[in-house]
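Participant: Could you work out the structure for the sequence below:
(chains A and B)
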Amino acid sequence: MAVGCVTIDVEMTSPSGRERDDAVMRCRGLSKIYRTGEVEVAALRGVDLDLHEGELVVLLGASGSGKSTLLNILGGLDRPTQGEVFFQETELTSAADSALTRFRRDHVGFVFQFYNLVPSLTALENVGLVTEIAPAPMEPAAALALVGLAERAQHFPAQMSGGEQQRVAIARAIAKQPSVLLCDEPTGALDSKTGVLVLEALDRVNRDLGTTTALITHNVSIAEMADRVVTLADGQITEVRRNATRVQAREIVW
Amino acid sequence: MRALNRKLLRDLWRLWGQILAIALVVASGVALLVMSLSSIESLEGTTDAYYERYRFAEVFATVKRAPENLANRIADLPGVQAVQTRVVEFANLDIPGFEEPVIGQVVSVPERGAPLLNQLAIRVGRSVAPNRPDEVVVSEPFAEAHGLLPGDRLSATMNGKKRDLEVVGIALSPEFVYAIGPGALTPDEKRYGVLWMGREAMAAAYDLDGAFNDVSLSLLRGTVPDDVINRLDLLLEPHGGVGAVARKNQLSNWFLMNELQQLRSMAFILPSIFLAVAAFLSNMVLARLIATERAEIGLLKAFGYSNREIGWHYAKMVMAIAGLGVVIGWGAGVWLGRFNTELYGDFYRFPFLLFRPGPAVFVVSGLISLAATLLGSLGAVRQAVALPPAEAMRPPTPTAYRKGMLGGSAFWNWLDQPSRIIVRQLTRRPGRSLMTSVGIALSVAVLVSALQWLDSIDRIVESYFFETQRQDMTVGLFDAQSQTVLYDFEHMPGVLAAEPMRSVSVEFHAGPRTHRGSIEGIRPDASLQIVQDVNGRAIEPPPEGLVLSTMLADKLNVRAGQNVRVEVLEGRRPVVLVPVVDTFETYIGTPAYMHLTALNRVLKEPNTVGHVNLLVDSSYHSALFERLKETPDVSGVILRQAAIDKFHETLAETLLIFVSFFVVFACVLGFGVAYNNARIALSERGHELATLRVLGFTRVEISYILIGEIGALIIIGLPLGCVAGAGLAWIMSASFQTELYRVPVVIEPSTYGLSVLIVLAATLISAALVRLRLDRLDLIAALKVRE
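Facilitator: You can find the predicted model right below:
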């Protein structure tokens, strides 16, 4: 634990020049306390984190470690009790609800654990849902091709496997060409073989499009494909590790 | 409390908005039913009690003049219980401070003791005293209209002589529950009143000492009035009898029974609509609840709960909803029923009103509502029962959508994705979508059919008062006069034109069918009162033969070209066979017309006149009224404008009250349907909408998806409702059809417009309420929960 903390200090206080300049998102001193009746639960306790241009960060942690809360705050879905979040130069902490909606609409791509596709729309239409409102989207068909689902464009969610549905969700998330792609346990509902296909899609998007990607998982194996691995426990960052080389998604097994 | 019951209570609490919306729809149906049934029960009960307590006669007859000792022979007729002879005449009244002539119907009462039949309910003061020939009792509505109190005086022209009369009492009589003047359609208590005067004083005034001109009978229990009437007619014929009538044809009672018949036919039409919609709504809500509780149902079954217990659990929920509606409906229904009965009490004057709705009203309305909603929800409950435990515990298979017919079309490609979501959602459950549109349509239909009454009344007034009547006033004469009397009228102040008419009491016979009514004799060149059907076709009375209203022709089952046997009930009482030359449609009554000359030929009388239609310069009204009051032959004056005003006042005001009730009911219906649909859509798609919010959709954009669905169904429902409204209006008009009125189905474009706007407003409010809930969508939950 002590080593982890030292590592953080090193990362935060003396980042390399590249990292300091190209932080897409910056969090400082984030705390989040949930109150349910008499009970107070601190989901985050003083978290500092930067997401850099083009990197793939895996947020690793057990259930209840605060990783989902962190992702929600990064995505403008939740507000911290304390601390600041910046997207580029814009502070999100004090932004109005409409500004947060705008932020999500223009800059964030979400991938959910349970895909959250609209069942009444085909794969292509699900992607179109987002490209219609984004400022500079790619063609929906191109997004589907990127995740290897060009053939399945006209299928409804009910006609696709879980892995396919999740890849449609990824296509939907990246079609707007977001600044940040936030993935919440994207393989959580999938078996390992299908999960790998989904990770491959994410990996390709990150490499080909250079989309800054934050991926939540409790699956340690997945951390191998990241540029950087941030481990959370009890609402704090306990370790930040940089992988010397990123393992190809297809080589991951669990 | 058992756990399942606790769950039931919590479910009810959680879904209170939807449950209340359905309960209010049930309540509307129940309230309408209770209102109708309790009004019918109260009016019937009040009528029966009134008739019995004040000894309302069962047979009525008028004669020219019959000797008093004939009463004994009448009393000897088999089946007769009591006989009351009277003198009944019309008089012109002059009320201080009221310019127009007033028609008074003067009815004799014994100076000593109460009459045997048709007794008076004295409201204020007393009855007439012996040896006080100037005392009169006046009818209550008339007294109220003129502010008459015991001690006040009024003057009357009786048999050509002016009399000064003193009011000693104010009374009501079962004979005049609906006190309507000759030729009028609605009671006009300012221009028509009933006066009761001592028999001796009346006999003296009308030269009927030792004689009578009116007789009423009560009958022994079980006696058929027709036999008595036939024998009575034979006895009275030599004395100028114009034919006896049974109680059912007595004018006041006939109106009252007509009203009750309309109430009865109304009683079930509208409540059925509300209960049908309530059944659909409870099914919709329950089906959704069961879909979200699949896992719980599976769990309960896994624990060993039987199918019957599960089914009963959800059936109880329906019964709770219906029960709540029934209780609210009972309360509202009793209030409306009392209101309605009291409203009837303004037109139909009773000395007391018995409003005590019996248990049957509540039991019937409660059971019908409960049965309707349970039946409606049967499908949903069966769905819960049929779920196998293992399957119930698995998440439902993802909803399968199809591209449908539109997929790939240019229109489809033009639609944005949110609109495609709406279209697919609508077409995936076409049954539910259709029922929602039908629900909206029915609320529009209820409104259209209620609001169109105002249009119909306008049409009736237009047709009856404006298209066929052009005279300003109609003057009735005591006895048929020679046509030379026209000359007198033509020279009265302000009279621009005078035209003669003759009305003769007759009985029509065609095979076994009979109808007692009158034939109006008019001149073919008449320009003041013309015969015209409802479509504006003018009908000129042919030189020979009858022109019958279709209602009368249908009643007699005759058509143009066939003969009708006409038995004249006055004068020489000829019986002749007259051909029906033409028939025509009317909205009011069952008129029959003949050429005046032909009618006089049938009567074997020279050219005579019964009443005169006048066209008058309105600046001479006062002078003319003054002259008419002094003219001994004049039995009464009917002013067209006063009749129109009165018709509007009585009918339109009542209708306006009822129309406003219906606006409330229709709003409840529209609101209930739209609110439940939108809430269910939100429950089904909250997860999806939250996802879209996370993806960057604004509140307005996701509201479009949610409200767009119900909006589309409303847009389909509105025109459908206009069509259904016309249909409903037609059904109601057909079931309202009586001998007195045929209510035409007239729906102005503004009526459609207003109905649509009202329902639109109600549904928009419900949509807005659901829209508020979108602000509280839990975005984070959408990330985690599998739908």
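Participant: interface residues of the stretch 301-450 of chain B facing chain A?
Facilitator: Proximity of the stretch 301-450 of chain B to chain A, by CB under 8 Å from any CB of the partner chain, involves residues B:397-403, B:416-418, B:420-421, B:424-425, B:428. C-beta: built from backbone N, CA, C; applies to glycine.
Participant: Pull out the buried members of those residues.
Facilitator: B:399, B:401, B:417-418, B:420-421, B:424-425, B:428 (16 or more other CB atoms under 10 Å in any protein chain shown).
Participant: where does chain A have its least confident helix or strand?
Facilitator: Lowest on mean pLDDT, DSSP states H and E among the helices and strands of chain A sits helix A:2-13, with a mean of 36.
Participant: The residue of the stretch 601-750 of chain B found nearest chain A is in what secondary structure piece?
Facilitator: In the stretch 601-750 of chain B, the residue that lies nearest chain A is B:G696 (2.7 Å; CB to the nearest CB). Using DSSP states H and E, B:G696 falls within no helix or strand.
Participant: ok, it - how many residues close by?
Facilitator: 24 (other CB atoms under 10 Å in any protein chain shown).
Participant: Need the phi and psi values for it.
Facilitator: Per-residue torsions, B:G696: phi 110, psi 10 (degrees, to the nearest 10).
Participant: and it, what does it touch?
Facilitator: Counting by CB atoms under 8 Å, 6 or more residues apart in numbering or on different chains, B:G696 makes contact with A:101-106, A:108, A:130, A:133-134, A:176.
Participant: which of those residues are buried?
Facilitator: Judged by 16+ other CB under 10 Å, buried ones among the contacts of B:G696: A:101, A:103-106, A:108, A:130, A:133-134, A:176.
Participant: Out of those, name the ones that lie in helices.
Facilitator: Members of the buried ones among the contacts of B:G696 lying in helices (criterion: DSSP state H): A:101, A:103-106, A:130.
Participant: in which helix or strand would I find B:V566?
Facilitator: Going by DSSP H and E, B:V566 is in strand B:563-568.
Participant: residues in contact with that strand?
Facilitator: B:504-510, B:519, B:546, B:548, B:556, B:558, B:573-580, B:602-603.
Participant: excluding its backbone neighbours, what's nearest the residue in chain A positioned nearest to chain B?
Facilitator: Residue nearest to chain B within chain A (CB to the nearest CB): A:R105, separated by 2.7 Å. Residue nearest to A:R105 in three dimensions, not counting chain neighbours: B:G696, with 2.7 Å by CB to CB, 6 or more residues apart in numbering or on different chains.
Participant: Show the residue spans covered by the strands in the stretch 51-200 of chain A.
Facilitator: Applying DSSP state E, counting those that start in this stretch to the stretch 51-200 of chain A gives strands spanning A:56-61, A:82-87, A:90-91, A:108-111, A:180-184.
Participant: and if you look at the stretch 151-300 of chain B?
Facilitator: B:153-158, B:161-172, B:192-198, B:211-219, B:245-246.
Participant: Could you report the neighbour count for A:T90?
Facilitator: 12.
Participant: quick revisit: next, format the strands of the stretch 51-200 of chain A as TSV and append distance to chain B and mean pLDDT.
Facilitator: Putting those into TSV (distance: least, CB to the nearest CB, whole Å; pLDDT from 0 to 100) gives the following:
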stretch	distance to chain B	mean pLDDT
strand A:56-61	14	94
strand A:82-87	13	94
strand A:90-91	15	92
strand A:108-111	5	92
strand A:180-184	5	93
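Participant: Check the ones you listed for me and report the most buried one.
Facilitator: strand A:108-111 (a mean of 27; mean count of other CB atoms under 10 Å in any protein chain shown).
Participant: Just list whatever residues bridge to the residue nearest to B:D152 when sequence neighbours are not counted.
Facilitator: In space, and not counting its chain neighbours, B:D152 is closest to B:V167: 4.8 Å by CB to CB, 6+ apart. According to DSSP bridges, the partner residues bridging B:V167 are B:V136.
Participant: From B:E144, how far out is B:V167?
Facilitator: Remark: distance between B:V167 and B:E144 (CB to CB, to the nearest Å) = 12 Å.
Participant: go on, A:E251?
Facilitator: If you go by CB to CB, the gap between A:E251 and B:E144 works out to 102 Å.
Participant: if you count what's nearby, which of those two comes out ahead?
Facilitator: Legend: neighbour count by other CB under 10 Å for A:E251 and B:E144, higher for B:E144 (15 against 10).
Participant: hang on, that one in a helix?
Facilitator: Yes: assigned with DSSP: H, G, I helix; E, B strand; the rest coil, B:E144 falls within a helix.
Participant: my read: it touches B:G193, true?
Facilitator: No: contact criterion CB atoms under 8 Å: B:E144 and B:G193 do not qualify, at 10.2 Å.
Participant: Counting neighbours, what do you get for the residue nearest to B:D152?
Facilitator: B:V167: 21 neighbours (other CB under 10 Å).
Participant: While we're on it, how confident is the model there?
Facilitator: B:V167 carries a pLDDT value of 96.
Participant: and it, how far is that from chain A?
Facilitator: Note on B:V167: its distance to chain A, by CB to the nearest CB, to the nearest Å, is 78 Å.
Participant: which residues touch that residue?
Facilitator: B:125, B:136-138, B:143, B:148-154.
Participant: From the residues you listed, keep the buried residues only.
Facilitator: Using 16+ other CB under 10 Å, the buried members of the contacts of B:V167 are B:125, B:136-138, B:143, B:148, B:150, B:152, B:154.
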